[in-house]
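**Q** just the structure for this:
(one chain, ligands or ions: 1)
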Amino acid sequence: MPHVLILGGTTEARRLAEALYPHVRVTSSLAGRVAAPRLPAGEVRIGGFGGAEGMAEWIREQARHDTVAVIDATHPFAETISFNAARAAATAHVPLLALRRPGWVPGAGDDWREVGSLAEAAEAVRGAGRVFLTTGRMGLAAFAHVDDAHFLVRSVDAPEPPFPPRMEVLLDRGPFTLDGERAVLADHAIDVLVTKDSGGAATSPKLVAAREAGVPVVVVRRPPVPTGVPVATTVEEAARWLNATRT
Ligand code: NAP
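**A** Residues are numbered from 1 along each chain as shown. Below is the predicted model:
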């Protein structure tokens with residue numbers, strides 16, 4: 001049986017492990033950022049590999065016993081691990097697929113401003129009043145110098161400094177409901193929402209709530225998938241790719 005390394009940390013990665021296991025040997029890899037992660041089916045390893053070379057070494061070790069394939073199902077904004085995966089797969093001569101849920105697209109009534117980075121998002125919200133920041137605690141440093149806006153920061157675990165001086169934290173983990181998101185915007189008198197273009201249904205109700213409430217949204221565009229890496233947009237497509245690599 002082939003051995004699939006799923007680079008995870010997303011809903012899709014967990015769903016993919018569930019779809020493949022136990023027919024396929026699956027090892028899911030998590031970065032270890034979340035204190036109590038939802039564990040996927042199959043084998044799990046937690047923590048960095050030590051760069052692209054460390055990942056290549058891990059793959060080569062497994063490839064002594066089994067054929068190996070890698071599916072990079074990390075978050076669209078986890079840029080470093082995706083580039084490491086591209087280098088490691090090339091070095092170890094194993095097939096690699098990126099699984100990326102489609103990005104969000106604005107609809108009628110949406111007031112979106114797209115920016116290229118968290119730093120640009122921070123500039124966009126200067127003096128903007130009450131900002132609902134949903135870009136994750138790891139990127140808070142980009143907003144640490146913004147002292148002329150109040151931030152409502154939603155994250156799974158409590159943020160650590162540096163973070164903005166005027167900040168309130170909402171500890172929560174998706175999926176989120178439309179009613180819940182409406183309540184957050186209203187209860188906290190939100191003036192602007194900041195989000196990455198993460199895509200997917202689990203966190204998209206905030207966009208609908210913002211449209212309804214006339215709240216503008218600053219959307220951080222995705223970094224590109226490494227050149228030459230094929231992309232699947234659904235778990236089913238990724239499973240088909242794996243089947244095809246086996247034949
Ligand atoms: P990143 O900046 O791309 O990666 C930084 C380093 O963390 C990597 O070089 C690697 O360390 C380690 N790493 C990242 N993902 C890993 C994985 N799945 N397994 C083993 N090591 C991993 O990553 P990030 O943006 O901090 O995201 C970390 C994790 O959180 C990812 O797994 C991602 O799917 C998940 N996540 C990220 C976001 C986001 O907005 N960025 C949102 C939701 C979930 P070594 O170099 O030592 O191997």
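**Q** quick one, helices of the chain?
**A** 11-20, 51-62, 79-92, 118-124, 178-187, 205-213, 235-246 (DSSP state H).
**Q** now the residue most central in space within the chain: phi and psi?
**A** For the chain, the residue nearest the mean C-alpha position is His75 (2.6 Å; CA atoms, centre = their mean). For His75, the backbone dihedrals (degrees, to the nearest 10) come out as phi -60, psi 140.
**Q** wait, it touches Thr11, no?
**A** No: between His75 and Thr11 there is no contact under CB atoms under 8 Å: 9.8 Å. C-beta: built from backbone N, CA, C; applies to glycine.
**Q** still on that earlier bit, could you dump the helices of the chain to CSV with mean neighbour count, mean pLDDT and distance to the ligand?
**A** Listed next are these as CSV, based on neighbours: other CB atoms under 10 Å; pLDDT from 0 to 100; distance: least, CB to the nearest ligand atom, whole Å:
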stretch, mean neighbour count, mean pLDDT, distance to the ligand
helix 11-20, 21, 97, 7
helix 51-62, 17, 98, 4
helix 79-92, 20, 98, 4
helix 118-124, 19, 98, 10
helix 178-187, 15, 98, 18
helix 205-213, 19, 98, 15
helix 235-246, 16, 94, 15
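**Q** Thr195: which of those helices is closest?
**A** helix 205-213 (6.8 Å; CB to CB).
**Q** count of neighbours near Gly47?
**A** Gly47: 9 surrounding residues under other CB atoms under 10 Å.
**Q** could you measure from it over to the ligand?
**A** According to CB to the nearest ligand atom, to the nearest Å, Gly47 and the ligand sit 6 Å apart.
**Q** how far away is the residue lying closest to the residue nearest to the centre of the chain once chain neighbours are set aside from Val220?
**A** For His75, ignoring the flanking residues on the chain, the nearest one in space by CB to CB, 6 or more residues apart in numbering is Thr10 at 5.4 Å. Thr10 sits 17 Å away from Val220, going by CB to CB, to the nearest Å.
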